Each structure stands twice: as C-alpha cells, then as structure tokens.
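Asker: Give me a 3D structure for the following:
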Amino acid sequence: MSGAGSSLTIAQQAEMVDALTMRCKMRDGRAAQETIISLTPEQAGELAALADRLRRIAPFENQIRRMVAQG
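Answerer: Okay, the predicted model is just below:
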C-alpha cells in the first residue's frame, strides 16, 4: 500500500501497530532499550498513511474526545 491510500480499518491499524510494538519487547514483556525492526514496504506505507491521517485529525482531537466520551 502506498502512504496515500491505505485501506486498513481503524481496528486493523491498531493490530498492525500492536504487532510492530511486540517486536520491541523482551521475552519477559519489558520494553527493549533499543530495537531495530525491519518493515515490509507495505508496512512502511501503512505507517506513513496512519501518520498522515493522524496529522489531519489532530486539529479536531478535543471534539473527537468529546464525541467518544459521549458514546
């Protein structure tokens, strides 16, 4: 996927980020002091797309938080 047009749902994006962070943990669950991970071109594109989406919604963070809190 290119950074411009991800087709991952929000849940899929969360799972992708979770899977990547699991690579940054020690076997006992502690965070590693430093981690080098390899990403596929698709993963790198998805992360770039996620960063773009977060930047676009950042100005609306307070409104989003209020909407989520209201249910």
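Asker: Apart from its neighbours in sequence, what residue is nearest the residue positioned nearest the centre of the chain?
Answerer: Taking C-alpha atoms, centre = their mean, the centroid of the chain lies closest to Val17, which sits 4.3 Å from it. The spatial neighbour of Val17 that comes closest, neighbours along the chain excluded (C-beta to C-beta, 6 or more residues apart in numbering), is Leu50 at 7.5 Å. Glycine gets a C-beta too; all of them are placed from N, C-alpha and C.
Asker: mind checking how far the one you found is from Leu39?
Answerer: According to C-beta to C-beta, to the nearest Å, Leu50 stands 13 Å off from Leu39.
Asker: So which of those two has more stuff around it?
Answerer: Leu50 (18 against 12; other C-beta atoms under 10 Å).
Asker: Quickly find the element holding the more buried one.
Answerer: Using DSSP states H and E, Leu50 maps to helix 41-57.
Asker: Please work out which residues outside the very next helix or strand once past that helix touch it.
Answerer: Remark: after helix 41-57, the chain's next helix or strand is helix 61-70, criterion DSSP H and E. Residues outside helix 61-70 that contact it (C-beta atoms under 8 Å, 6 or more residues apart in numbering) are Ile57.
Asker: State the separation between helix 61-70 and the centre of the chain it belongs to.
Answerer: The chain centre lies 19 Å from the centre of helix 61-70; the measure is C-alpha atoms, centre = their mean, to the nearest Å.
Asker: That helix to helix 41-57, inter-axis angle?
Answerer: 100 degrees (axes from the mean of the first three to the mean of the last three C-alpha atoms, to 10 degrees).
Asker: Using CSV, write out the CA atom coordinates for helix 61-70.
Answerer: Written as CSV, here are the backbone C-alpha positions of helix 61-70 (Å, rounded to 0.1, in the frame of the first residue of the first chain):
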residue,chain,number,x,y,z
GLU,A,61,-8.7,16.0,18.8
ASN,A,62,-10.8,17.7,21.5
GLN,A,63,-14.0,17.3,19.6
ILE,A,64,-13.2,13.7,18.9
ARG,A,65,-12.5,13.0,22.6
ARG,A,66,-15.9,14.7,23.5
MET,A,67,-17.7,12.6,20.9
VAL,A,68,-16.1,9.4,22.2
ALA,A,69,-16.8,10.2,25.8
GLN,A,70,-20.5,10.8,25.0
